[in-house]
Every structure is written in C-alpha cells, then in structure tokens.
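Trainee: sharing a model that was predicted from the sequence below.
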Amino acid sequence: MTLPFDPEPAEPVGGPAAAAAVVPPKPPRHGAILLVDMDAFFASVEQSLHPHLRGRPVIVCGDPSRRGVVTAASYEARPSGVHAGMPLQEARRLCPHAEYVEGNPEKYVELSLELLDLYFTHTPDVEPFSVDEAFLGLAPRDTLADGLERARRIQAQIDERFALGASIGIGPNKLVAKMAAGLRKPRGLTLLDVAGFRDAFWPLDVQELWGVGPKLAARMRELGIATIGDLAHAPEPALAGAYGVIGPQLREAARGHDATPLVPSYEAVDPKSMGHEVTLERDSGDAAQLESVLLRLCDQVARRLRKEGFVGRVVAVRLRDSSFTTRIRQRALAGHSDRAERLFEVARALFRDHWHGGPLRLLGVSVSALAPSPDSVQTDLFADGGRADRLLEALDHVRDKLGEVAVVPAATLRRAKRGLRHVPFGAMASRVRQAPPDDGGA
Amino acid sequence: MFESLNDPVDVLTAFTGGSMEPLRFRWRGRVVRVKQVTGRWSRREGQALLRFFAVEGAADDSYELCYDPRGPRWLLSRAWTGGPQAAG
C-alpha cells in the first residue's frame, strides 16, 4: 500500500490545530541551539592522553585479551570497516594493526565534565545528552549566525585545551542541530535553518531521521515512505492511523520542526530507567552460571537505584544469543522496590520463561517506571522490625566506605571481582546536577 | 601495545599549589623521567579517591600512574611498550 502525498507541508507549525489556536505561540526560549558532538570520543581521548597513538588506528574495547565488542574506533580505524558494536574478533581481522586499548569510563566522564565546564562559559543552558554530546541553548537575541560564531570558538577551544575534535550542529531546534552535527564529521561546523534542513535531508532515506530506527523505517517503506521528504508530505490521518500519535510527530520532525525543550542540567529531569549488561567471557548455556550473572546485575542495578534515591516498578531482562539475536522481556513487580532480591525474583522468572536453552552471549537487567525513593520503603509484607532495612543500610555503608567489591552476593563470588569494576556513565548526570553552573554570558 | 600492570613503583612527586604531579619513577630497574602529564582523572573506591595520571616519558613512551592514598602508594597501572599487540 502507498500513501497519497500532501503537495505542500502545512504551515504554520503544528498543523491545523495550531493554526486555529487563539493563544499566540510562546517566543522561543533560545535563539539558536548547538549540538556539540565529540568526534570518536573514547578513541580520541586515548589519543589525546597518549600522543604516540595520534594518527594511528585506535580501537577502544573491554579487556583486549578477552572477547567483547568495539566500544569506539578512531577515524584512522574506520576505513577498515571497524565500527562501534562490532565483535572484537571481527575488528582484529579487519584491522589487525590497530592499537586495542581497554576503555576506562572514569577517564571519559572526567573529560566530559571538563568539557561541560567549558560549555558553561558560553551559556548556562547546557543539556548533557550523552557522555560525548551536549546541547547548548543560546539567548533569544542570538541568531543562527551568532550560533555559528560561538560554535567556531567552542570548537577551537576544545582543540586547544584538550587536543580533541568536535563536530557542531547549529539549528533553530534540537532536532535540526542534532542532525546538522552528523552531516560533516570530523571537526565539522554545520548551520541549518528549517529550509536548509529540508534541502539536506529530504532526499535521504527515512531511516536517517533522528528517532526512526530500522524496524520503523521498514514499516514506512511498506507504506511508500522511502525518504524523509516522503514522510514530510505524507497525509497526517494516514500516519496517525498507521503509527498512532507518533505518526504526526514524525512528520513534523521530517519538516524540521521540533518543540522538544532543551532541559538545562540545573533543571535536569529524573532518569527513566537504570540498567546494566555484560558480554560474557564466552557464550554460556550453563543455567547456574547465567543466573549467577543475573543476580550480580540485579545487585548492581539495585545498588545504583539506592545510591541515586529511586525505586523501580518494571524489571526487564535482555538476552542475546550466539547469533546476536536479542530478546527483551519485561514484567512488573508487585510494588516499587530498590532491593536486589526483589529484582532478581522477577529477572530470574523472566529468564526461565524466555531462555531457549542455547548459549548466550550477553545478559542485561534494567529497571524502569522509576519513582523517587520514599523515606521508608516497606520491603517485606511480614514486617521484621526493620532488620532487613537496617542490614541493607549497613551493607551499603560498608560498600560506601570500602568499595563495591567489599560485599557481594555469595552466589556471584567467582565472577564478582572483575565485573564490579564496571562504572556506569549514569554517574555523570548526578555529578553534573550536584554542581549547578554559574550564570554564563548567553 | 599497552600492558596492564598495576606494578607498585617509587615515584618522585611534586606537591605544588594544592595539587600533586609525578616527576619521575623507577620501573623495572630504570628511571623514567616524566616529560609531560597529558591527563588526570580519578576513581572512588569506597572512601578512597584514587588519582590517575597519564604521562609521557622522555623517550616518547607512555604510562598511566595511579596514586592510592590507602597505602599511600603509587602503582603503574598501564605502560605502552611499543611492541606488537597479542591477539585476544
């Protein structure tokens, strides 16, 4: 089936409903938005810290002597076909002479925080988007041209202070800035207004639109929507019928419209989920071993929930087998919890229901439907006078004082030493929130 | 290739302006003079704050040193020895 096309994108933004509105639209909070995207960040940091790596193919991974996947590849390694997420074994075949460096999250987070400090000297409205990307909102009086000038200065400062490359997109909203940043890399500077966005992106495959993944793109192609331009011209009722509320939103995005607000770090929203996953040293079909890994992951997730003051309601388990087929299954808890044993009960049940019995490559556990942790969480229907709570508090205190590996579930002891070295990038968000920026000069 | 080591090492350290900086260290019987500190980061282990330094030696060799206040002691956590990398 194919869709008839709307010949002209509807204006003003928001379609007929917006056109009929009597309330005048709010003026934009920011005159221009920048998306600073660090080029091959992890690999570039290693090259920056170790000058002998500069100009050489560098592949950041887990322990290079074990198996795993590529975390990041420098631009020198990319012509060989190596990319993030590729199994290390394949990367070694494609690029045997690269330097394989074990990644170090603390190192990258530290640099990321220093980069944020630099951004705060340009504007107080900085939204860390990931460890290597941040949105910067400039004052309403600033034009896109001012944004380009600011971006040029930021790019030069990043190079000068950190010997790192960044690509920066400048646009009237987050969507345009984000997609502009990806147009020219490395060290690109790309300014697009809405018309420029349409010129650049309408001819491209619909999957190039931010937010459209391979599955959604395949469904769109079945409807005759092959390019971003096709999506921009598709009739709204047909999109709403095919994709629900997201359909018209995607059409707006294809037209270069995006009302998503930039959320500065000092107004940061709470996380939506927390999780951990691990690639096993070798594929395993040993149920006891796999459940032991699940227990460790639940313990790590629960510990993180407690540290950051959240309880969660929905537990999801991620299972990836030897053929890289991934299944994600989730189930709700009876109530919110931040306790490893509660998470594990559900995670184990999901695992037993959905594991096909074959060897697994990767296991993951995440918890969503988060809520702020109440002062006192009732953890057991059969009250024990708070002994369990006090015990957990004491164990957390021991870990705070002596480190994460000071106390681990006994069933995970064989594998705990290495696994608990993992430091989640999630820690960065909480560190940023603790230190609101001074008012800058936006 | 980078070698992961965690070898205890003696480090001549400067404490200036409220910060510390490794100047030279003894490793495998030789003294490595630090030409440049190229980066710093830290990691918390319980209450201890481990401080890491990426340093470049005078012979364009490259290292990562860790100061562990619990000793207190210095560890050479990684060294780039320049040889070929073993396949994993």
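Mentor: Received the coordinates, thanks.
Trainee: number of residues surrounding residue B:1?
Mentor: Each residue near residue B:1 was counted by other Cβ atoms under 10 Å in any protein chain shown, and the total is 14. In this view, the C-beta of every residue, glycine as well, is placed from N, C-alpha and C.
Trainee: quick one: it and residue A:97 touch, right?
Mentor: No: using Cβ atoms under 8 Å, residue B:1 makes no contact with residue A:97, being 11.1 Å away.
Trainee: okay, the spatially most central residue of chain B: pLDDT?
Mentor: With distances taken as Cα atoms, centre = their mean, the residue of chain B nearest its centroid is residue B:65 (1.5 Å). Per-residue confidence at residue B:65 stands at 97 (pLDDT).
Trainee: and what of residue A:391?
Mentor: On pLDDT, residue A:391 comes in at 79.
Trainee: now do the one 10 residues further on
Mentor: Reading off the confidence values, residue A:401 has pLDDT 76.
Trainee: and residue A:401, how far is that from chain B?
Mentor: Distance of residue A:401 to chain B, given as Cβ to the nearest Cβ, to the nearest Å: 5 Å.
Trainee: surely that residue is in contact with residue B:45?
Mentor: No: at 9.9 Å, residue A:401 does not count as touching residue B:45 under the criterion of Cβ under 8 Å.
Trainee: dump stretch A:96-105 to CSV, restricted to CA.
Mentor: Taking Å, rounded to 0.1, in the frame of the first residue of the first chain, the C-alpha atoms of stretch A:96-105 are listed here in CSV:
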residue,chain,number,x,y,z
PRO,A,96,45.0,-6.2,12.8
HIS,A,97,47.5,-3.4,13.2
ALA,A,98,45.3,-1.1,15.3
GLU,A,99,46.1,-0.4,18.9
TYR,A,100,43.5,-2.1,21.1
VAL,A,101,43.0,-0.1,24.3
GLU,A,102,40.9,-1.1,27.3
GLY,A,103,38.3,1.6,27.9
ASN,A,104,38.1,3.5,31.1
PRO,A,105,34.7,5.1,31.9
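Trainee: quickly check: it near chain B or not.
Mentor: Yes: between stretch A:96-105 and chain B, judged by Cβ under 8 Å from any Cβ of the partner chain, the touching residues are A:96, A:99-102, A:104.
Trainee: quick one, which of those residues are buried?
Mentor: Buried members of the residues of stretch A:96-105 next to chain B, scored by 16 or more other Cβ atoms under 10 Å in any protein chain shown, are A:99-102, A:104.
Trainee: quick one, what contacts residue 52?
Mentor: All of this refers to chain A. By Cβ atoms under 8 Å, 6 or more residues apart in numbering or on different chains, the contact list for residue A:52 reads B:60-62, B:80, B:82.
Trainee: wait, I meant chain B there
Mentor: For residue B:52, the contacting residues are A:106-107, B:40-43, B:64-67, B:77, by Cβ under 8 Å, 6+ apart.
Trainee: among these, which lie within helices?
Mentor: A:106-107 (DSSP state H).
Trainee: what's the average pLDDT for the host helix or strand of residue A:72?
Mentor: Following DSSP states H and E, one finds residue A:72 within strand A:70-73. Strand A:70-73 shows a mean pLDDT of 93.
Trainee: for it, name the packing helices and strands.
Mentor: Helices and strands touching strand A:70-73, by 3 or more Cβ pairs under 8 Å, 6 or more residues apart in numbering or on different chains; DSSP states H and E, are helix A:41-49, strand A:58-61, helix A:88-94.
Trainee: so what does the shortest one touch, helix or strand wise?
Mentor: So the one you mean is strand A:58-61. Judged by 3+ Cβ pairs under 8 Å, 6+ apart, the packing partners of strand A:58-61 are helix A:41-49, strand A:70-73, helix A:88-94, strand A:99-102.
Trainee: what would the ones you listed look like in a markdown table with distance to residue A:298?
Mentor: Shown next, in a markdown table, are the helices and strands packed on strand A:58-61 (distance: least, Cβ to Cβ, whole Å):
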| stretch | distance to residue A:298 |
| --- | --- |
| helix A:41-49 | 27 |
| strand A:70-73 | 24 |
| helix A:88-94 | 27 |
| strand A:99-102 | 26 |
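Trainee: out of the ones you listed, which is closest to residue B:13?
Mentor: Among the helices and strands packed on strand A:58-61, helix A:41-49 comes nearest to residue B:13, with 19.3 Å by Cβ to Cβ.
Trainee: run the chain-centre distance for that closest one.
Mentor: 20 Å (Cα atoms, centre = their mean, to the nearest Å).
Trainee: quick one on the thing from earlier: ok, the contacts of residue B:52 vs residue A:75, which is closest?
Mentor: Nearest member of the contacts of residue B:52 to residue A:75, counting by Cβ to Cβ, is residue A:107, at 19.4 Å.
Trainee: who's the nearest residue to that closest one once chain neighbours are set aside bridged to?
Mentor: Excluding the flanking residues, the one nearest residue A:107 by Cβ to Cβ, 6 or more residues apart in numbering or on different chains is residue B:41, at 4.6 Å. Note on residue B:41: beta-bridge partners by DSSP bridges are residue B:52.
Trainee: and residue B:41, what does it touch?
Mentor: Residue B:41 sits in contact with A:104, A:106-107, A:109-111, B:52, where contact means Cβ under 8 Å, 6+ apart.
Trainee: picking up where we left off before, reformat the residues of stretch A:96-105 next to chain B as CSV; add pLDDT.
Mentor: Below are the residues of stretch A:96-105 next to chain B laid out as CSV (pLDDT from 0 to 100):
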residue, pLDDT
A:96, 93
A:99, 92
A:100, 92
A:101, 92
A:102, 90
A:104, 89
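Trainee: could you dump those to JSON lines with distance to residue B:12?
Mentor: Converted to JSON lines, the residues of stretch A:96-105 next to chain B look like this (distance: Cβ to Cβ, whole Å):
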{"residue": "A:96", "distance to residue B:12": "39"}
{"residue": "A:99", "distance to residue B:12": "29"}
{"residue": "A:100", "distance to residue B:12": "32"}
{"residue": "A:101", "distance to residue B:12": "27"}
{"residue": "A:102", "distance to residue B:12": "27"}
{"residue": "A:104", "distance to residue B:12": "25"}
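Trainee: tell me where the model's unsure across the chain.
Mentor: You didn't say which chain, so I picked chain A. Within chain A, the set of residues satisfying pLDDT under 70 comprises A:1-27, A:268-269, A:375-385, A:411-442.
Trainee: oops, I was thinking of chain B
Mentor: Residues of chain B that meet the criterion pLDDT under 70 lie in B:81-88.
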